[in-house]
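Asker: For reference, the sequence and a predicted model appear below.
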4 protein chains.
Amino acid sequence: MAGSTWGTLFTMTTWGESHGKGLGVVVDGCPAGLALGEEDIQRYLDRRKPGQSRFATKRRERDEVEILSGVFEGRTTGTPISMIVRNTDQRSHDYDEIKNLYRPGHADYTFDAKYGFRDYRGGGRTSGRETIGRVAAGAVAAKLLESLGIRVTAYTRSVGAIRISPERFEPEERYRNRLCMPDSHAALEAEAYLEQLMAKGDSAGGVVECVIDGLPAGIGEPVFEKLDARLAHALMSIGAVKGVEIGDGFGAAQAKGSVNNDCFRKAADGSSVKESNHAGGILGGISDGSQVVVRAAFKPTPSISQVQRTINRQGEVVEMEIKGRHDPIIAPRAVVVVEAMTAFTTADVLLWSMTSRLDRVREFFCGRDGGR
Amino acid sequence: MAGSTWGTLFTMTTWGESHGKGLGVVVDGCPAGLALGEEDIQRYLDRRKPGQSRFATKRRERDEVEILSGVFEGRTTGTPISMIVRNTDQRSHDYDEIKNLYRPGHADYTFDAKYGFRDYRGGGRTSGRETIGRVAAGAVAAKLLESLGIRVTAYTRSVGAIRISPERFEPEERYRNRLCMPDSHAALEAEAYLEQLMAKGDSAGGVVECVIDGLPAGIGEPVFEKLDARLAHALMSIGAVKGVEIGDGFGAAQAKGSVNNDCFRKAADGSSVKESNHAGGILGGISDGSQVVVRAAFKPTPSISQVQRTINRQGEVVEMEIKGRHDPIIAPRAVVVVEAMTAFTTADVLLWSMTSRLDRVREFFCGRDGGR
Amino acid sequence: MAGSTWGTLFTMTTWGESHGKGLGVVVDGCPAGLALGEEDIQRYLDRRKPGQSRFATKRRERDEVEILSGVFEGRTTGTPISMIVRNTDQRSHDYDEIKNLYRPGHADYTFDAKYGFRDYRGGGRTSGRETIGRVAAGAVAAKLLESLGIRVTAYTRSVGAIRISPERFEPEERYRNRLCMPDSHAALEAEAYLEQLMAKGDSAGGVVECVIDGLPAGIGEPVFEKLDARLAHALMSIGAVKGVEIGDGFGAAQAKGSVNNDCFRKAADGSSVKESNHAGGILGGISDGSQVVVRAAFKPTPSISQVQRTINRQGEVVEMEIKGRHDPIIAPRAVVVVEAMTAFTTADVLLWSMTSRLDRVREFFCGRDGGR
Amino acid sequence: MAGSTWGTLFTMTTWGESHGKGLGVVVDGCPAGLALGEEDIQRYLDRRKPGQSRFATKRRERDEVEILSGVFEGRTTGTPISMIVRNTDQRSHDYDEIKNLYRPGHADYTFDAKYGFRDYRGGGRTSGRETIGRVAAGAVAAKLLESLGIRVTAYTRSVGAIRISPERFEPEERYRNRLCMPDSHAALEAEAYLEQLMAKGDSAGGVVECVIDGLPAGIGEPVFEKLDARLAHALMSIGAVKGVEIGDGFGAAQAKGSVNNDCFRKAADGSSVKESNHAGGILGGISDGSQVVVRAAFKPTPSISQVQRTINRQGEVVEMEIKGRHDPIIAPRAVVVVEAMTAFTTADVLLWSMTSRLDRVREFFCGRDGGR
């Protein structure tokens, strides 16, 4: 599959550039009968919208989504759901300065190396606006999962070295502070840290954590389509992500087996549960019924206000300074993107898992009594 | 694609269980004309073979590969290359003890949840022997890459908290010590640490690092098939991997932009190079011509010799002790697996990238002068 | 891949319903640097536009395409090309009559059986308007192929039992008559036949033939991705197609080997050519350098003006008469759709074939001298 | 996916050459719990085995299958099912004569054009033996379908111009005569015709028909993964197939709508049925609950005993005569291959269709009452 499509049975195909006519996505393979309206999508898009905090760029427009197909009388029909967000802020910027430069930390150079030229306006396809399609698709996935009792939640886990504390964890707090941190204390610290960096024209990295609640055991396809492998693929495909972890992740590489192993026990309701969750809800690439925990490491915003040295397309060394305001951190605005990619990937693997057992396939087609 | 196939144009389909008749792989899409013999594959398989150190299980047999198809008169023909390794150590073990138990840290429970039952002999499909197919396929990929001047090299970066030091880095050392660490000092420390753990019946985690040298700039497909996203998928699909990083990885999430950005400069030969490589050779999901650096975090061996509490298929709590010798660490034996998956994934994405530019496609089909 | 995406490296993802907001397609994997404008697409769309003959429905609007992404300064950038055609004829029709009926020969019943309900307005996703996305994508493919010296041409071969004659074959004639038949004599006969049918409220089937000129030998992937297998898939996926042939097709099943075999000889320019072309340019699923010849059989328009007996959603037998004007034949309007699907599929398989030989891969990456 | 893998959720990956070490297939995505043994596979392979009639080549060996993985205690485990048939007839034939020739009607020339060289022994990968993997995989699919009440049956419909008659149709007869024709009268006629051809060293084409009984309505994914489109792809991928039809096929292209439309009525059991089946059980690419009917046209055996003119690799014109005995017709031996490909493709699309409706997905995961 060409590179802009993600998923096996439940797929998204995204398109669009930062300063082209718009951006969008085609979601295919959504089961028919899901109640869906533009407000379901808009709610997610609004979470990534610019201008909502001092740490995010102030772009004028609101990104308004239009559903173009696949929904009839308020429900999905099973056919492709096409969604579009028009770009409205298309003033003719002056890109002369950057169009011949290879900005450090950006994909300018690699796009030229690959394609011979690039749409340099606002980063083109590599702009953060590329995630609009992902988020719109993720909103559909989240609604689908919700109808099956599954909930996906992401938040900022750390800003630079400042990390949320398990003791102070308040889920709802993530909607209250501008950094999406579910720990008001850490959020204050992080804000102060970012103020400092901004004063120097610098930027910070951060980690986004995402949890899946309510996922039944048995989801994920060995060997190459393990749930964690697909989640890693999905999250690493987000711009600026440089690392992905499941459960204890890199911490597990420093742990001992006697500590890292999660013992099983019987829950009150008779189901099998783990006493701890170092595995992050996935064993052998298959969900184990515990909460799934994934993390993505975001590098610092490459656009900084300091003078940097680089080369231009002609290979000449130049000094450059990126004009305009830039987010001092990517992670908080990417929280909804991580949530979207996790939800979408989970929904796809979940649907896939319906075919794992013959007894359940037979019940599906032939009824509970096995007759026809 | 069902879960045992990996790749787009260049694919591997693996099969086999630990105590079934054998394990193997079908490699498809390999360009015709590559010199290939069983010795090329055997060399890689021997690197994962058991019994080569005190820290690895002593299984009797050597895993001998047989090429069944796709090679004619010493060269690949373009048709599928099927390879098989027969299992020879098929004594009837006594699995009564474990067949009804859910071993902590293993996929026993999740396989049962997914499929209703499982081949419990030696871990079945979830055994480390599953990687035989990956390694055989990776050997083909490595030979293919080598013929294009690209080299993939993996080694153990850390054992528990003991990490190799950049100052003491000796590439060849990794073949000399049993832990595959390219730092003899760290290797000694790590061996002592593992001895301690073994004495207590415990195990350790570790990190494997892999570098790609000679990869041209421009490889990787935005948006979802980024080179790093595919590498993350490939490495996370290896059993026991809980985290994947590119370049500075999670470290980048704690860095400042002014430090993390790699500035471009002109090399002596006129090409564009980066002054540093925090990005690990990938920008915007596309190779930038620098060395590609990836890392995979392996959890500690879940099979430990201590008494553990778990439940059986009937949901009863039981105490269990896993019999027999077990590797106290997975990472060193997985070095060749990481190398194989990295090589295979890189070769696939590399072939894909031949279609990126019309001028090069036209030259390919119509010749340099553009005529036909 | 969910069902609305076609292709491996070069893909189209179509979306849209007859009476929704619009229809469109996302083309991904197009090599960068292809000169492309809306006029290139519009030319193809105009060929399928309604109202151009007495044998085609008179829908008011012209289908105007807008390119939303993937083209910058007149050239493709390598990123997804999103194209949209807005529906303008959205008067609120009265569908009460048909929304509960299962029209004979239509997919009303099967959509309900599959999805539980359907967008019944104008046929929804099963309308002939679904092909808009295919044609727009095919226009991109045709331009790409043209730049490589490859030309795809389709025309009506037969209307009912009236077939074009090889002796009277005039390529340009297909643009002159309303039935797209490259034989003016047959076209006149066919028109008379259709007039007769229309008088009785009946409809006719027909066959569309498509040829590919200039395709080099060696294109197509054994075993399952043979060029002919992919073309068969592509053409059979067009609504109303019930049969596909390559070369002599079903005629070959009645032939003798001594006649059906095409002997090879040396052409004046030194290349190998076949003396005849019963094979239709494909041997063993791989192009042989001759003209590729494919055919698709279209069933008669199922919407006829006669009274038909059917059942409604409640299972009651009803008599129905489909109101409005309907094309008495599908084939001529589908000529451009066959051309589009053939061009797109060929371009995809062509790009794929760049990886077949190591010597050519090495030349691509390492240059003609093999050095780097 | 590289070209030797077929299917989306349920896949087969075939490998092997005529005179290599063996041939085989890896079947992945089979639901766990299907009773399966080598005898299930062998029964299908025996139906394609040589030497069973005067019209088929007499190869010494029986093709004996070995299941290498994916089955435990007599049932499929959900992991890949690897199957192998060793080649035993590996005497060193003298291929000097043909290794440099391009045999008319064979893929010698196109393989050389594509790959630069080929395994010429017995046709290599293009030999009829390539179908061994398909048939073994089809046997698994047939068993799976059978457990769901679905039956796939193929037979020879015509030999040259001699066609079975609906009036004389006897299903069981196909197992009794050597041509697999379910009409003893037509079989006798066909045998006489083939005797005539053989006397002249010539060969005949034929048509194989395949029907699917018991397939529920609603199977098939619009737009590009229609059931008929996938069947067309599957059948056209079989060597020597030059045409594929569904239902009335090319006949529908000569029919009138008033005749070709199948009217719906209510069956005694309350279900919706069609009064006729011109559509061949598929409407809009989705099964309609009627019998599915597909046909594949096979060209005459290209290996004939007459002198033919062709060229060699050096481009010199030569006269050649293919030595040895050759089947005078391909179709009867391909009956089981058509059945296998139809069964496999149907099973794959069937599993896929489990995700079409949210209410059924919800029931699957949350139970009949919708609670969790």
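Answerer: Received the coordinates, thanks. Since this is a predicted model, take the numbers as computed values, not measurements.
Asker: Please point out which parts of the lowest-mean-pLDDT helix or strand in chain A sit buried.
Answerer: Ranked by mean pLDDT, DSSP states H and E, the helix or strand of chain A with the weakest confidence is helix A:96-99, at a mean of 79. By 16 or more other CB atoms under 10 Å in any protein chain shown, the buried positions in helix A:96-99 come out as residue A:98. Heads up, the C-betas are built off the backbone N, CA and C, glycines and all.
Asker: What parts of the stretch 101-250 of chain A come near chain D?
Answerer: For the stretch 101-250 of chain A, the contact set with chain D under CB under 8 Å from any CB of the partner chain comprises A:144, A:147, A:148, A:149, A:214, A:216, A:222.
Asker: hmm, 7 Å instead?
Answerer: Within the stretch 101-250 of chain A, the residues that sit near chain D (CB under 7 Å from any CB of the partner chain) are A:147, A:148, A:149, A:216.
Asker: what's the pLDDT at the first one?
Answerer: Turning to residue A:147, the model gives it a pLDDT of 98.
Asker: my guess is it contacts residue D:363, does it?
Answerer: No: in this structure, residue A:147 is not within contact of residue D:363 by CB atoms under 7 Å, at 11.8 Å.
Asker: one step back: is chain C contacted by the least confident helix or strand of chain A?
Answerer: No: in terms of CB under 7 Å from any CB, no part of helix A:96-99 sits within range of chain C; the closest distance is 10.9 Å.
Asker: same for that helix, what does it pack against?
Answerer: Packed against helix A:96-99, as judged by 3 or more CB pairs under 7 Å, 6 or more residues apart in numbering or on different chains; DSSP states H and E, are no other helices or strands.
Asker: wait, does the host helix or strand of residue A:362 make contact with chain D?
Answerer: Counting by DSSP states H and E, the element that carries residue A:362 is helix A:358-366. Yes: applying CB under 7 Å from any CB, one finds helix A:358-366 touching chain D at A:358, A:359, A:361, A:362, A:364, A:365, A:366.
Asker: Most proximal residue of the stretch 251-372 of chain A with respect to chain C?
Answerer: Relative to chain C, the nearest point of the stretch 251-372 of chain A is residue A:348 (9.3 Å; CB to the nearest CB).
Asker: That residue falls within a helix, correct?
Answerer: Yes: using DSSP: H, G, I helix; E, B strand; the rest coil, the assignment for residue A:348 is a helix.
Asker: still on that earlier bit, turn the residues of the stretch 101-250 of chain A next to chain D into JSON lines, columns for neighbour count, secondary structure and distance to residue C:120.
Answerer: Below are those laid out as JSON lines (neighbours: other CB atoms under 10 Å in any protein chain shown; DSSP: H, G, I helix; E, B strand; the rest coil; distance: CB to CB, whole Å):
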{"residue": "A:147", "neighbour count": "19", "secondary structure": "coil", "distance to residue C:120": "24"}
{"residue": "A:148", "neighbour count": "20", "secondary structure": "coil", "distance to residue C:120": "28"}
{"residue": "A:149", "neighbour count": "16", "secondary structure": "coil", "distance to residue C:120": "32"}
{"residue": "A:216", "neighbour count": "18", "secondary structure": "coil", "distance to residue C:120": "36"}
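Asker: now for these, which pair is the farthest apart?
Answerer: Farthest pair in these (CB to CB) is A:147 and A:216. Separation: 14.2 Å.
Asker: OK, contacts around whichever residue of the stretch 201-350 of chain A sits closest to chain D?
Answerer: Per CB to the nearest CB, residue A:216 is where the stretch 201-350 of chain A lies closest to chain D, at 6.6 Å. Neighbouring residues of residue A:216 by CB atoms under 7 Å, 6 or more residues apart in numbering or on different chains: A:287, A:289, D:365.
Asker: ok, so what distance separates it from residue A:271?
Answerer: 10 Å (CB to CB, to the nearest Å).
Asker: Now for the two: what residues contact both?
Answerer: Joint contacts of residue A:216 and residue A:271 (CB under 7 Å, 6+ apart) are residue A:289.
Asker: one step back: closest one to residue A:40 out of the contacts of residue A:216, please.
Answerer: Closest approach to residue A:40 among the contacts of residue A:216 (CB to CB): residue D:365, at 20.5 Å.
Asker: which residues does that closest one contact?
Answerer: For residue D:365, the contact set (CB under 7 Å, 6+ apart) comprises A:148, A:216.
Asker: if you set the cut-off to 10 Å instead, what comes out?
Answerer: Shown in contact with residue D:365 (CB atoms under 10 Å, 6 or more residues apart in numbering or on different chains): A:147, A:148, A:149, A:150, A:216, A:219, A:350, A:351, A:353, A:354, D:372.
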